[in-house]
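K.L.:
with the input below, show me the fold.
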Amino acid sequence: MPDLQNKPKLSSHLWIIYLLSIILLGVIWYYQWVLGLIMTFFLVASFYYSMRSEKTLLNKTEEYISTLSHRIKKVGEEALLEMPIGIILFNEEHQIEWANPYMNKFAEEDTLVGEPLSILSDELIPMIKENKEEIWIQVDRYEFQTSIKKEERLLYLFDRTRQSEIQSLYYNEQTVIAIIFLDNYEEITQNMDDTLKSQLNSKVTSVLNNWSHEQGLYLKRTSQDRFLAVGTKEILQQLEKTKFDILDEVRELNAEQNIPVTLSLGIGHGYMDLPTLGELAQSSLDLALGRGGDQVAIKDDSGKVRFYGGKTNPMEKRTRVRARVISHALIELVKGSDNVIIMGHKSPDMDSLGAAIGILNIAKTNEVEGHIVFDSEDVDTGVYRLVEAIKQKEEIWDHFIDPEDAEAITTSRSLIVVVDTHKPSMVPNERLLTKTEYKVVIDHHRRGEEFIENPTLVYMEPYASSTAELVTELLEYQPKGLKLKMVEATALLAGIIVDTKSFTLRTGSRTFDAASYLRSKGADTVLVQQFMKEDLDLYIRRSKLIEKTQIYRDNIAIAKADSGEIFGPVVIAQTADTLLTMSGVSASFVISERKDGRIGISARSLGDVNVQVIMEKMNGGGHLTNAATQIEDTTIDDAEILLRDILDEYYEGGETE
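P.N.:
Below you'll find the predicted structure:
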């Protein structure tokens, strides 16, 4: 049977022309047959020629299409087999069914067929199951951008090795600026003669120069106690691997001369211009110094901060000049405000409450209305007796207000004074901080990443034993109008005694000066002991918690309450203190569920273990020897596992991070 589809066909417009010609030819035949015969001949010849031309064109078109189809098929086959893109087909069991020659180059034998996808990367199969459309994997020394077609069970792998190398080079060559500061250079050189001072400068400079040359840093001394260092992100990564051992090197160098010089480094890095990078480095240095010095603070362009060091207790280097200046500045702020709103931290302790009462006295001394924000539903047994004593003094208790009521009396010209914390999330009513621009922070904790925004005045001294000690020094420089009442002085003294564990921890000469001043103002040490007494039931519960103690890594005591058993923060803190008195224990951690549903951890140490950096890894904070945290959305068992993992990292990764 002939192939009708391959017969030549005339286009529609030619058929119309021929049809009209036949009609016209019929008319001519009717009137003039001779002319009609001639015209018929020409019409037949024209039709024959058109048919042949159409057939020739059709044959050429078919030949061209056939040739093009063959070329396309050939190109497709060559592209599939020869192009530098990996193509893999896999089955439902995630085994390779077919791979193009480009990918077979990565096979240990001749082909990848039959091998599981995990032979290329362990991440491939999990990502396919999670319906990921794209993933970057590394095969040998190559980096592949992998496109996943799950429905077709098909993978396309694009070589991005060169791109990755360029990105890595760009990342590693980012500029890093570091400011190095000798923490207490001025204090230790005050009484030195020129010879000793020159020797100290020479030794410290020599150590820093050798360190900078070894690491590839540019180092320039800008003043007696300050250096500027410039490097790259790659150098910074190497320094982080060494845990900034330059801190230990300088500390050991000075220990030989019995001169406790320590370093602090503020480092800024990220995608930003050099002036902004310098500001970031200075901000990091301020943060390191605010945490007590002898440490490194690294801040990137996102604001995230990493800390290294901080292994030593900070030296007491406050001066009375600074206390007097802060006190006078506080007087001006108090007098220029509508009222003074005082906030400690949630679940207040003796130090927080005592410091708040001291600031209330400052407000009243300067004849400005003052109020202490106090949540009566958030009172722990540790301050219960102090609160009861305050309630007996109406002239003091009348100034205590609920967190919600405080919003009604806070104006744009109110002065908010935050004591014993610098974290907005820790105050009883965080909304108050946004109602006024005038904010004062008085705290003795090492500064953390979270901080109250735009404070007007900051008095943070991690060298102090307690916030009550700082407030007591401020009281000494206030006008001599209103005297401290016995309960007020006793509350401040109780704060000092509790935070120093009866003058045994973090106690300096200024601590005893403050205690002596309060004693002269009528502070009752017997009443302090009454405030600190505990119930027999709590003592028994704490003893049962101690029974659950396990020793970890030879000298770490970890006590964990049973699931569902709730202890208050004061009880677990007291338990941690008690464990620290046991023989062979250098650090203690107590874990318990809290009534708010979170998991509380209280940490204590004798100074060999920096519990602050450990708690900071669990979103907490505190001091080198005294820290805590509260964890949400976890179980007490998971919290213990996390703590043990962080302790392992702390010991195995170096002494500190």
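K.L.:
got the buried residues for stretch 272-285?
P.N.:
272, 277, 280-281, 283-285 (16 or more other Cβ atoms under 10 Å). Any C-beta I mention is one placed from the backbone N, CA and C, and that applies to glycine too.
K.L.:
could the C-alpha coordinates of it be exported in PDB?
P.N.:
What follows is stretch 272-285, C-alpha atoms only, in PDB (Å, rounded to 0.1, in the frame of the first residue of the first chain):
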ATOM      1  CA  MET A 272      32.100  45.300  57.000                       C
ATOM      2  CA  ASP A 273      34.300  48.300  56.400                       C
ATOM      3  CA  LEU A 274      37.500  48.900  58.500                       C
ATOM      4  CA  PRO A 275      36.100  51.700  60.700                       C
ATOM      5  CA  THR A 276      33.100  49.600  61.700                       C
ATOM      6  CA  LEU A 277      35.400  46.600  62.200                       C
ATOM      7  CA  GLY A 278      37.500  48.700  64.600                       C
ATOM      8  CA  GLU A 279      34.400  49.800  66.500                       C
ATOM      9  CA  LEU A 280      33.400  46.100  66.800                       C
ATOM     10  CA  ALA A 281      36.900  45.200  68.200                       C
ATOM     11  CA  GLN A 282      36.600  48.000  70.800                       C
ATOM     12  CA  SER A 283      33.100  46.800  71.700                       C
ATOM     13  CA  SER A 284      34.500  43.300  72.200                       C
ATOM     14  CA  LEU A 285      37.300  44.600  74.400                       C
END
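K.L.:
average model confidence for it?
P.N.:
Across stretch 272-285, pLDDT averages out at 89.
K.L.:
now the helices for the stretch 551-657 of the chain?
P.N.:
Using DSSP state H, counting those that start in this stretch, the helices of the stretch 551-657 of the chain run over residues 569-580, 611-616, 636-652.
K.L.:
out of the ones you listed, nearest to Leu124?
P.N.:
Leu124 lies closest to helix 636-652 among the helices of the stretch 551-657 of the chain, at 27.6 Å (Cβ to Cβ).
K.L.:
in that closest one, what counts as buried?
P.N.:
636, 639-640, 642-643, 646-647, 650.
K.L.:
ok now it, how far from the chain's centre?
P.N.:
In terms of Cα atoms, centre = their mean, to the nearest Å, the centre of helix 636-652 is found 18 Å from the chain centre.
K.L.:
which residues does that helix contact?
P.N.:
Identification of contacts with helix 636-652 by Cβ atoms under 8 Å, 6 or more residues apart in numbering yields 552-553, 556, 558, 560-561, 563, 589, 591-593, 599, 601, 609, 613-614, 617-618, 631, 634, 656-657.
K.L.:
narrow the residues you listed to those in strands?
P.N.:
Using DSSP state E, 552, 556, 558, 560, 589, 591-593, 599, 601, 631 are the members of the contacts of helix 636-652 that sit in strands.
K.L.:
farthest-apart pair in the residues you listed, please.
P.N.:
Taking Cβ to Cβ, the two most distant members of the ones in strands among the contacts of helix 636-652 are Ile556 and Glu593; they sit 21.2 Å apart.
K.L.:
circling back: what is the nearest of the ones in strands among the contacts of helix 636-652 to Leu492?
P.N.:
Nearest to Leu492 among the ones in strands among the contacts of helix 636-652: Ile601, at 28.5 Å, using Cβ to Cβ.
K.L.:
tell me the confidence at that closest one?
P.N.:
Looking at Ile601, its pLDDT is 95.
K.L.:
before we move on, what about the one 3 residues further on?
P.N.:
For Arg604, the pLDDT comes out at 92.
K.L.:
write a ChimeraX command that selects only the buried members of the contacts of helix 636-652.
P.N.:
Here is the ChimeraX command that selects the buried residues among the contacts of helix 636-652 (16+ other Cβ under 10 Å):
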select :552,556,558,560,561,589,591,592,593,599,601,609,613,614,617,618,631,656,657
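K.L.:
out of the buried residues of helix 636-652, which is nearest to Asp245?
P.N.:
For those, the nearest to Asp245 is Tyr650 (15.7 Å; Cβ to Cβ).
K.L.:
do you know which of the helices of the stretch 551-657 of the chain lies nearest His444?
P.N.:
Of those, nearest to His444 by Cβ to Cβ is helix 611-616, at 12.9 Å.
K.L.:
burial measure for Leu219, as a count.
P.N.:
If you count neighbours by other Cβ atoms under 10 Å, Leu219 ends up with 18.
K.L.:
could you do the one 10 residues further on as well?
P.N.:
Ala229 has 21 neighbouring residues, counting by other Cβ under 10 Å.
K.L.:
give me the number of residues near Lys241?
P.N.:
If you count neighbours by other Cβ under 10 Å, Lys241 ends up with 11.
K.L.:
I should have written Ser147 there, sorry.
P.N.:
Applying other Cβ under 10 Å, we find 14 residues neighbouring Ser147.
K.L.:
just list whatever residues bridge to it.
P.N.:
Glu134, Tyr156 (DSSP bridges).
K.L.:
quick check, pLDDT for it.
P.N.:
For Ser147, the pLDDT comes out at 90.
K.L.:
spit out the contact partners of it.
P.N.:
By Cβ under 8 Å, 6+ apart, the residues touching Ser147 are 133-134, 155-158.
K.L.:
just the buried members of these?
P.N.:
Burial by neighbour count, judged by 16+ other Cβ under 10 Å, picks out 155, 157 from the contacts of Ser147.
K.L.:
for the contacts of Ser147, which one is nearest Asp294?
P.N.:
Nearest to Asp294 out of those is Glu134 (Cβ to Cβ; 45.8 Å).
K.L.:
was I right about that closest one contacting Phe144?
P.N.:
No: between Glu134 and Phe144 there is no contact under Cβ atoms under 8 Å: 10.7 Å.
K.L.:
so Ile341 touches Glu407, yeah?
P.N.:
No: using Cβ under 8 Å, Ile341 is not in contact with Glu407; the gap is 9.6 Å.
K.L.:
more neighbours, those two?
P.N.:
Shown here are Ile341 and Glu407; by other Cβ under 10 Å, Ile341 has more neighbours (30 against 15).
K.L.:
distance of the residue nearest in space to the middle of the chain relative to Ile267?
P.N.:
With distances taken as Cα atoms, centre = their mean, Lys304 lies nearest the centre of the chain, 4.7 Å away. Separation of Lys304 from Ile267 (Cβ to Cβ, to the nearest Å) stands at 12 Å.
K.L.:
ditto for Ser602
P.N.:
Counting by Cβ to Cβ - Ser602 and Ile267 are separated by 31 Å.
K.L.:
how is this protein carved up into domains?
P.N.:
According to automatic domain parsing, the chain comprises the domains 4-81, 86-165, 189-309, 320-532, 536-652.
K.L.:
for the ones you listed, which one sits closest to Leu182?
P.N.:
The nearest among the domains of the chain, by Cβ to Cβ, is domain 189-309 at 4.1 Å.
K.L.:
point out where the stretch 51-200 of the chain drops to low pLDDT.
P.N.:
By pLDDT under 70, the low-scoring segments of the stretch 51-200 of the chain are 64-82.
K.L.:
please enumerate the helices of it.
P.N.:
101-104, 124-129, 161-172, 185-189, 194-215.
K.L.:
nearest residue to Met615 in space, please, no chain neighbours.
P.N.:
Closest residue to Met615 apart from its sequence neighbours, by Cβ to Cβ, 6 or more residues apart in numbering: Ala627 at 3.9 Å.
K.L.:
wait, the one you found touches Lys617, no?
P.N.:
No: using Cβ under 8 Å as the test, Ala627 is too far from Lys617 to be in contact (10.7 Å).
K.L.:
lowest average confidence, helix or strand, in the protein?
P.N.:
helix 33-82 (a mean of 68; mean pLDDT, DSSP states H and E).
K.L.:
sorry, back to before: can I get the ones in strands among the contacts of helix 636-652 in JSON lines including distance to Val526?
P.N.:
Below are those laid out as JSON lines (distance: Cβ to Cβ, whole Å):
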{"residue": "Tyr552", "distance to Val526": "40"}
{"residue": "Ile556", "distance to Val526": "37"}
{"residue": "Ile558", "distance to Val526": "36"}
{"residue": "Lys560", "distance to Val526": "37"}
{"residue": "Phe589", "distance to Val526": "34"}
{"residue": "Ile591", "distance to Val526": "35"}
{"residue": "Ser592", "distance to Val526": "32"}
{"residue": "Glu593", "distance to Val526": "36"}
{"residue": "Ile599", "distance to Val526": "37"}
{"residue": "Ile601", "distance to Val526": "34"}
{"residue": "Ile631", "distance to Val526": "39"}
